[in-house]
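here's a sequence, model it:
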Amino acid sequence: MPGGELPRDADEAMVKLVHSTECAEVIIDRHLDNPPHVPLPGRCCCNRCYPSLRPAQQYQWVPVNPAPPPSSAMAPTTDEQREGIYQELVRWRLVHWRNSWRDDWPQYGPKSLVSDADLNTIANHAGSSSAHRGNLADTG
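Numbering: from 1, shown residues only. A predicted model of the protein is given here:
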């Protein structure tokens, strides 16, 4: 294939479509096991048959590894830190509810904004309480 080595999990049919000079509709029909058919006159089926449909800019195939980038290491949190993060989130939720929701939506409490379970999940996945402390203070 032009452009170098393809990633292991490249979609072979998509690669063929991109690199072919044949009518895109014919390639897709073949891939989907559709019966061959005669194109209707005057119908613009693809930019290969009608070059005027091509974008003004030329693009080049660049193979990219679709694997996600390696995550940056996060400092492990202690139970005490997780509890501190959870308490800060509860405080943030209450302040936000009081300032923005209580007067207009009195029938809904702070837990209607974000549940305790969701706050607990956030706290359990936080890298460190110091990294989030400033963000919470700014929103209240």
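
switch to C-alpha atoms for all contacts and neighbour counts from now on
OK.

buried residues in the host helix or strand of Gly84, which are they?
In this structure, Gly84 sits in helix 79-100 according to DSSP states H and E. Using 16 or more other C-alpha atoms under 10 Å as the test for burial, helix 79-100 gives 81-86, 88-97.

repeat for stretch 25-43
For stretch 25-43, by 16+ other C-alpha under 10 Å, it's Val26, Ile27.

endpoints of it, how far apart?
For stretch 25-43, the first and last residues are 12 Å from each other (C-alpha to C-alpha, to the nearest Å).

I would like the residues contacting that stretch, please.
Here stretch 25-43 makes contact (C-alpha atoms under 8 Å, 6 or more residues apart in numbering) with Ala13, Leu17, Cys45, Cys46.

what about the helices in this structure?
Under the criterion DSSP state H, the chain contains helices at 12-19, 24-31, 79-100, 110-113, 116-125, 129-139.

which one, of those, ends up nearest to Pro51?
With respect to Pro51, and counting by C-alpha to C-alpha, the nearest of the helices of the chain is helix 24-31 at 12.4 Å.

quick one, that closest one and helix 12-19 angle?
If you take axes from the mean of the first three to the mean of the last three C-alpha atoms, to 10 degrees, helix 24-31 sits at 160 degrees to helix 12-19.

I'd like the distance from stretch 118-126 to the chain centre, please.
Distance, stretch centre to chain centre, for stretch 118-126: 21 Å (C-alpha atoms, centre = their mean, to the nearest Å).

sorry, slip of the keys, the one I care about is stretch 86-94.
How far stretch 86-94 lies from its chain's middle: 28 Å, per C-alpha atoms, centre = their mean.

pull that stretch out as PDB, backbone CA atoms only.
Provided in PDB are the C-alpha atoms of stretch 86-94 (Å, rounded to 0.1, in the frame of the first residue of the first chain):
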ATOM      1  CA  TYR A  86     -15.400  13.500  48.400                       C
ATOM      2  CA  GLN A  87     -16.100  16.000  51.200                       C
ATOM      3  CA  GLU A  88     -14.900  18.800  48.900                       C
ATOM      4  CA  LEU A  89     -17.100  17.600  46.100                       C
ATOM      5  CA  VAL A  90     -20.100  17.500  48.500                       C
ATOM      6  CA  ARG A  91     -19.300  21.000  49.700                       C
ATOM      7  CA  TRP A  92     -19.000  22.200  46.000                       C
ATOM      8  CA  ARG A  93     -22.300  20.600  45.200                       C
ATOM      9  CA  LEU A  94     -24.100  22.300  48.100                       C
END
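
sweet, I'm off.
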